[in-house]
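K.L.:
After the sequence you'll find the predicted model.
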Amino acid sequence: MADFSLSAEQESLRDLARKFARTEMAPHAAECDRTPRFPEEIYRKAFDLGLMNLNVPVDYGGSGLGVFEACLIVEELAHACGGMTTSVIANCLALEPILLGGTPEQKDRFLKPFCAEYNLASFCLTEPSGGSDAGSLKTRARREGDHYILDGEKCFITNAPHASLYTVFATIDPALKTKGITAFVVPRSAVGLSTGKDEEKMGHRASSTSTVRFEGVSVPVADRLGEEGAGFSMAMRTLDQTRTPIGALATGIAQAALDHAAAYSLKRQSFGKPISEHQAIQIKLANMAQSVHAARLLTWHAAWTIDRGAKGTLESSIAKCFASDAALHVADEAIQTFGGYGYMKEYPVEKLLRDAKLTQIYEGANEIQRTVIARELLRQYA
Ligand code: CAA
């Protein structure tokens with residue numbers, strides 16, 4: 001029998017995340033968005049509570065949670081602030097290639113000291129010349145004896161200015177396309193590695209985003225993840241794992257928008273009664289509630305699929321794509337419910353629209369999700 005109930009442990013994880021989100025994150029969300037500010041003190045507290053390295057096994061110092069539990073946490077955090085949540089979960093994305101492609105020795109060497117204290121890592125795949133066509137990346141890795149020399153530039157890299165570790169995808173030969181892509185672990189201290197200015201973003205402004213440049217960066221062969229050419233499928237398998245939590249992040253934003261809109265509709269009067277009594281508003285709220293519910297269920301289903309050991313490529317793309325489209329729509333409808341006030345920065349809903357927008361773009365634009373969905377689907381009919 002299918003079962004949607006949460007275990008006592010899952011309930012308590014969700015409660016922990018909800019309490020943290022409401023008491024530590026939400027009170028600072030508007031200020032960090034406006035300034036903008038990267039609230040490192042909040043991220044340190046998230047680490048202390050075990051809310052950061054969610055996917056890293058306990059043996060390596062992480063929380064050792066499944067994707068389902070991670071989604072429960074991420075939705076709660078995103079209800080308070082999408083931007084802070086992006087920064088809190090960026091380690092999961094950056095460390096996943098080590099979990100997937102690292103040898104036991106590499107996992108010990110990279111993950112244990114990293115997870116023993118507060119540290120940030122960044123996932124370096126996207127480049128200025130293209131994000132969606134990840135197979136055409138241009139950052140070069142030239143082998144010289146027992147080292148590789150990395151040259152190139154990555155962009156839109158979450159937490160990059162604050163990170164101490166980078167998982168980097170580079171090509172040993174662009175002519176090999178996806179088969180030339182190779183993954184490396186590079187510490188912040190590597191000579192020739194530099195980060196650019198913090199990007200001024202539309203949303204997720206409590207998160208930090210910049211370029212990362214590699215100029216003759218020497219990386220020992222021992223810090224390569226997997227074989228030469230194994231990097232592309234490692235990146236894809238990483239995204240299969242992490243797109244589902246982005247569905248949860250979008251669901252959290254959407255739930256927050258619905259909560260604000262419903263509460264406001266009960267207080268705001270027009271034509272002599274609360275606007276919640278007008279059918280026009282009731283229909284909006286009903287549609288918003290359907291979208292939130294469907295986004296959550298698709299996310300839970302994708303997480304459940306992956307936690308059962310399946311790849312979940314199709315399910316995670318469906319969850320990420322649907323939930324992020326839903327978040328944008330629900331945030332838009334929340335603004336409409338607030339009317340003119342919704343458009344003002346004094347009220348919380350315009351931020352939700354700006355934060356929702358990024359969920360349609362990062363971790364694979366929704367056009368790419370639809371490409372993946374169609375490919376997976378058609379494979380079943382071929
Ligand atoms: N798992 C394992 N292997 C996979 C895979 C998967 N999910 N998807 C593809 N592969 C393998 C294929 O099997 C194929 O292997 P073979 O050559 O051995 O057959 C190889 O990879 C190439 O696959 P494709 O031919 O499908 O590759 P493609 O060039 O057509 O690209 C794509 C496919 C799906 C469009 C891919 O480029 C893609 O996902 N692009 C989007 C990238 C992305 O999501 N970037 C986000 C960056 S992270 C970020 O935004 C986060 C942040 O900072 C917060």
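P.N.:
Perfect, thanks for sending it.
K.L.:
Every contact and neighbour count from this point should use C-alpha atoms.
P.N.:
OK.
K.L.:
who's residue 123 bridged to?
P.N.:
Counting by DSSP bridges, residue 123 forms beta bridges with residue 167.
K.L.:
elements contacting the helix or strand where residue 322 lies?
P.N.:
Assigned by DSSP states H and E, residue 322 falls within helix 313-338. For helix 313-338, the elements it packs on are helix 231-267, helix 279-307, helix 349-359, helix 366-381, judged by 3 or more C-alpha pairs under 8 Å, 6 or more residues apart in numbering; DSSP states H and E.
K.L.:
With mean neighbour count and mean pLDDT as extra columns, can I get those in a markdown table?
P.N.:
Formatted as a markdown table, these follow (neighbours: other C-alpha atoms under 10 Å; pLDDT from 0 to 100):
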| stretch | mean neighbour count | mean pLDDT |
| --- | --- | --- |
| helix 231-267 | 25 | 98 |
| helix 279-307 | 20 | 98 |
| helix 349-359 | 25 | 98 |
| helix 366-381 | 14 | 97 |
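K.L.:
Quick one: closest of these to residue 142.
P.N.:
The closest of the helices and strands packed on helix 313-338 to residue 142 is helix 231-267. By C-alpha to C-alpha, the value is 14.9 Å.
K.L.:
Against which helices or strands is the closest one packed?
P.N.:
Helix 231-267 packs on helix 67-80, helix 82-101, strand 181-187, strand 273-274, helix 279-307, helix 313-338, helix 349-359, going by 3+ C-alpha pairs under 8 Å, 6+ apart.
K.L.:
what angle do it and helix 67-80 make?
P.N.:
If you take axes from the mean of the first three to the mean of the last three C-alpha atoms, to 10 degrees, helix 231-267 sits at 50 degrees to helix 67-80.
K.L.:
and stretch 311-319, anywhere near the ligand?
P.N.:
Yes. For stretch 311-319, a contact with the ligand is found by C-alpha under 6 Å from any ligand atom, at residue 313.
K.L.:
Send me that stretch as PDB with only the CA atoms.
P.N.:
Taking Å, rounded to 0.1, in the frame of the first residue of the first chain, the C-alpha atoms of stretch 311-319 are listed here in PDB:
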ATOM      1  CA  LYS A 311      18.100   6.800 -11.000                       C
ATOM      2  CA  GLY A 312      15.000   9.100 -11.000                       C
ATOM      3  CA  THR A 313      16.100  11.100 -14.000                       C
ATOM      4  CA  LEU A 314      12.500  11.400 -15.300                       C
ATOM      5  CA  GLU A 315      10.900  11.900 -11.900                       C
ATOM      6  CA  SER A 316      13.400  14.600 -10.700                       C
ATOM      7  CA  SER A 317      13.100  16.600 -13.900                       C
ATOM      8  CA  ILE A 318       9.300  16.400 -13.700                       C
ATOM      9  CA  ALA A 319       9.300  17.500 -10.000                       C
END
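K.L.:
nearest residue to residue 240 other than its sequence neighbours?
P.N.:
Nearest non-adjacent residue to residue 240, counting by C-alpha to C-alpha, 6 or more residues apart in numbering: residue 313, 5.3 Å away.
K.L.:
just to revisit the earlier point, and the direction of the helix holding residue 322 versus that of helix 349-359, what angle?
P.N.:
Using the same axes, to 10 degrees: helix 313-338 against helix 349-359 is 160 degrees.
K.L.:
near the ligand at all, stretch 207-227?
P.N.:
No. Under the criterion of C-alpha under 6 Å from any ligand atom, stretch 207-227 makes no contact with the ligand; the nearest approach is 7.8 Å.
K.L.:
what residues does the stretch 251-382 of the chain put near the ligand?
P.N.:
So far as C-alpha under 6 Å from any ligand atom goes, the stretch 251-382 of the chain lies against the ligand at 313, 362, 363, 364, 368, 372.
K.L.:
For the fourth one, give me its contacts.
P.N.:
Okay, so that is residue 364. Residues in contact with residue 364, defined by C-alpha atoms under 8 Å, 6 or more residues apart in numbering, are 131, 132.
K.L.:
That one looks like it's in a helix, true?
P.N.:
No. According to DSSP: H, G, I helix; E, B strand; the rest coil, residue 364 belongs to no helix; its state is coil.
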